[in-house]
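> My questions concern the predicted model and sequence given below.
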Amino acid sequence: MDSEKSVAIIGAGTMGKSIASLCCLHFTTILADNNKEILDNARTEIHKYIDHQYHKERITESQKNTAKYNIKITDSLAKIKADIIIEAIKEDYESKIALYKIVATHNPDSIILTNTSSLSITKLGKFILHPQRFAGLHFFNPATVMKLVELVIQDKTNEYTIKQVQEFCSIIKKTTIICKDSSGFVVNRVARAYYTESLQSAALGEQIQNIDESLQNIGFPMGAFRLMDLIGQDINFAVTTSLFEQMFFEPRFRPSIIQQKLVDSGKLGRKTKSGFYNYD
Ligand code: NAI
């Protein structure tokens, strides 16, 4: 994988803009979304991130200018062409599959990766024209900070793809673990209890501030409720619901009515400036 290669990220929300911020430091990077306003905001935030890296002396002036030149935005999904395409749109099968139909047709030789947190890579791979070049690449939030990425392979993912993705991850300075396509992969399966048990405790009447402060005071960098606001209530709820179904309705993975109410009222966390906490 050399720096002549290009990367496209589809979905300019919480994760897409963060992944694009990393990629544009090394590659020509196309950031796509079907919402123009989200795209424009994402470009502004990416430029701010690049400036911040420069002010902290992590990149030179020439790297700063190259990174800004490297980032291109588009809402024409059918025109996207890149060597590596990372999909980071909403967490549901129908939307992702519909998108792959458009993108894979125009990019028969590209590697296509999904940032899904909980959907089956095997199931998604069935709808890609070339499943041998398809895998999950699960970044953590915020992608600019969190070191780990899970490279999730399905039966048809070939060695070439694994090697190319590992090289790509090492260029953007991530630590990669290869994991199986099992429910929640590694981290989301293990970490689910952090959210579900905290929500259960709140349902029993405990104050969310108390729970968050307690968790921080025993060493977690962020309490569960602040973290759910950062992730996005809609995404976190969709992931828990998906895992609950995949685990044959195992009670400890049960989603919470408290979170469902936030989603129904559009209080999605930081991205809507209101969730468990307010962000005005
Ligand atoms: P988000 O809701 O912040 O952003 C999704 C973006 O996709 C929006 O800007 C939306 O306009 C765009 N979009 C939706 N449908 C589209 C389509 N058909 N074509 C083009 N653009 C479309 O979601 P977020 O949080 O960035 O999550 C994206 C993916 O990343 C999901 O699969 C999620 O499970 C995964 N993920 C999320 C994490 C988080 O902490 N939020 C962490 C790791 C993975």
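Perfect, I can see it now.
> dump the residue contacts of Leu199.
The neighbours of Leu199, taking CB atoms under 8 Å, 6 or more residues apart in numbering as the test, are 224, 256, 258-259. Every C-beta, even on glycine, is put in place using the N, C-alpha and C of the backbone.
> Just among these, which is most surrounded?
Using other CB atoms under 10 Å as the contact criterion, the top neighbour count among the contacts of Leu199 goes to Ala224, which has 25 neighbours.
> From the ligand, how far off is the closest residue to it other than its chain neighbours?
Taking CB to CB, 6 or more residues apart in numbering as the measure, Ala224 lies nearest to Ser198, with 3.6 Å between them; neighbours along the chain are not counted. Distance, Ser198 to the ligand, using CB to the nearest ligand atom, to the nearest Å: 16 Å.
> Kindly report the same for Ala32.
For Ala32, the distance to the ligand equals 6 Å [CB to the nearest ligand atom].
> Now do the phi/psi pair for that residue.
The phi and psi values for Ala32, taken as degrees, to the nearest 10, are phi -120, psi 150.
> Now do it against His26, distance only.
Computed as CB to CB, to the nearest Å, the Ala32 to His26 distance reads 19 Å.
> With Lys17 instead?
In this structure, Lys17 and His26 are separated by 16 Å, where distance is defined by CB to CB.
> again with Ala203
Ala203 sits at a distance of 45 Å from His26 (criterion: CB to CB).
> go on, Ala104?
Applying CB to CB, the value for Ala104 to His26 is 24 Å.
> Need the three-state assignment for Ile73.
Taken by DSSP: H, G, I helix; E, B strand; the rest coil, the conformation at Ile73 corresponds to strand.
> tally of neighbours for it?
Based on other CB under 10 Å, the number of other residues close to Ile73 is 19.
> Who are the contact partners of it?
Contacts were defined as CB under 8 Å, 6+ apart; by that measure Ile73 touches 12, 30-33, 39-40, 42-43.
> got a markdown table for the residues you listed, with secondary structure too?
A markdown table is the format used below for those (three-state DSSP):
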| residue | secondary structure |
| --- | --- |
| Ala12 | coil |
| Ile30 | strand |
| Leu31 | strand |
| Ala32 | strand |
| Asp33 | coil |
| Leu39 | helix |
| Asp40 | helix |
| Ala42 | helix |
| Arg43 | helix |
